[in-house]
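Asks: Sequence and predicted model, in that order:
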Amino acid sequence: MLQLNFKGFEPVFQYPFTTHKGTKTHQPILVVSLGLGGLTGWGEAPAISYYNVTVEGMMASLQEKRPMIERYALTEPGRFWHFLHHLIPGQHSLTCALDMAGWDLFAKMRRQPLHQLLGIQWENVPITDYTIGNDTAEAMIAKMAAHPWPVYKIKVGDPGDIDKLRLLREHTDKPFRIDANEGWSFDDAKLLLPELKQLGVTLVEQPLERNQFDAMKELKQLSPLPLYADESCQTEDTVKQCAEGFHGINIKLTKCGGITPAMRMIQEARILNMKVMMGNMNETSIGTAAIANLAPLVDELDADGPLLLKQDLAEGLVYEEYKLGLNGGAGLGIRFTGLKER
């Protein structure tokens, strides 16, 4: 019988983290564990305020569903995900945490690293970017100086933020990835994209509101830069819908419901000739280790969650030459420590 445990934490950001959707100084996180036969699998679910996902709400659901979860016979993690998908419908963050813990536990039962269990060769791991949250130009320049990195992801919102990008470009020649978080209109994007290319931007993430698929089809035809879907492609049933309007998708484990659906999303994107990025929702090393185990399957990586936090919840995940590295241990390859300073 499974033993389910869970607890909330609030790691502190190194800097206040600002996107088009708001600013936060802490990242509320739910950590779940599934125990069996002396082994423990770990999973993580960050709260997302603009989707009304709270740690308290997820804990209430777990308390209600605990008897059914603990009685589940974990013989195959993919089936466990389907069980959860029907048990807690629509709760993708919570499903993700449990799916992650299930895979971690199952891989430990098999005494294999998760990527090995999934048949993924540990090679061609992309460099992860380092995210610069929206701020004054001076503060953003200072963040870059404090964190030299080969590629930066820059959070923008208002079209006027291009003035900040011009100033940032004076202080580094490294590539920029731009994340608008649905902040632009079609006309804004049409005007901004050519100049962004001149400023050394390599891709743009979610320029328009998530449901503007027709406008995105037109924008894709005009764009000199690859366009990646994030908010428009949260779950696996939206991948095909994004194919005509985007060059690629950014898969977030928390948004899609975990490792199990993420694998299917990667496969479908490849069939549709789309590029694949994997991103994070400011997870600690627990959730980021899950991303790391899938990293060889993707083209671009945005997995800097632990780097943005002053505190972490696990050890074992490392950044080697700006790439995610694992310690070779079974499962996710991390050891839960509780909240500690990095």
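Replies: Right, received. Where do you want to start?
Asks: Quick check: longest helix in this protein by residues?
Replies: Ranked by residue count and defined by DSSP state H, the top helix of the chain is helix 92-109.
Asks: Could you list every helix and strand that it packs against?
Replies: strand 29-36, strand 39-46, helix 55-70, helix 77-87, helix 114-117, helix 253-256, helix 259-271, helix 285-294 (3 or more CB pairs under 8 Å, 6 or more residues apart in numbering; DSSP states H and E). (Each C-beta comes from the backbone N, C-alpha and C, glycine too.)
Asks: how much does it deviate in direction from helix 55-70?
Replies: For helix 92-109 against helix 55-70, the angle by axes from the mean of the first three to the mean of the last three CA atoms, to 10 degrees is 50 degrees.
Asks: taking the mean pLDDT, what do you get for helix 92-109?
Replies: For helix 92-109, mean pLDDT is 98.
Asks: Skipping adjacent residues, who's closest to the residue most central in space within the chain in space?
Replies: The chain has Asn280 as the residue nearest its centroid, 1.9 Å off, counting by CA atoms, centre = their mean. Sequence neighbours aside, Gly305 is the residue nearest to Asn280 in space, at 4.2 Å (criterion: CB to CB, 6 or more residues apart in numbering).
Asks: quick one, what contacts the residue nearest to the centre of the chain?
Replies: Lys252, Gly287, Thr288, Ile291, Asp302, Ala303, Asp304, Gly305 (CB atoms under 8 Å, 6 or more residues apart in numbering).
Asks: could you list every residue that touches Trp103?
Replies: Neighbours of Trp103 in contact, by CB under 8 Å, 6+ apart: Gly41, Pro77, Leu114, Leu117, Gly258, Ile259, Thr260, Ala290, Gly331, Leu332.
Asks: 7 Å instead, please
Replies: Pro77, Leu114, Ile259 (CB atoms under 7 Å, 6 or more residues apart in numbering).
Asks: What's the separation between it and Ala262?
Replies: Counting by CB to CB, to the nearest Å, the gap from Trp103 to Ala262 is 11 Å.
Asks: tell me the angle the longest helix of the chain makes with strand 39-46.
Replies: Using the same axes, to 10 degrees: helix 92-109 against strand 39-46 is 160 degrees.
Asks: Could you give the separation of helix 92-109 from the chain centroid?
Replies: Remark: helix 92-109 is offset 16 Å from the chain centroid, using CA atoms, centre = their mean, to the nearest Å.
Asks: now stretch 323-336
Replies: Using CA atoms, centre = their mean, the offset of stretch 323-336 from its chain centre is 17 Å.
Asks: With stretch 22-38 instead?
Replies: 14 Å.
Asks: do the same with stretch 3-21
Replies: With CA atoms, centre = their mean as the basis, the mean position of stretch 3-21 lies at 13 Å from the chain mean.
Asks: Ok, stretch 319-339 next?
Replies: The mean C-alpha position of stretch 319-339 is separated from the chain mean by 16 Å, CA atoms, centre = their mean.
Asks: quick one: buried residues of that stretch?
Replies: 319, 322, 324-326, 329-336 (16 or more other CB atoms under 10 Å).
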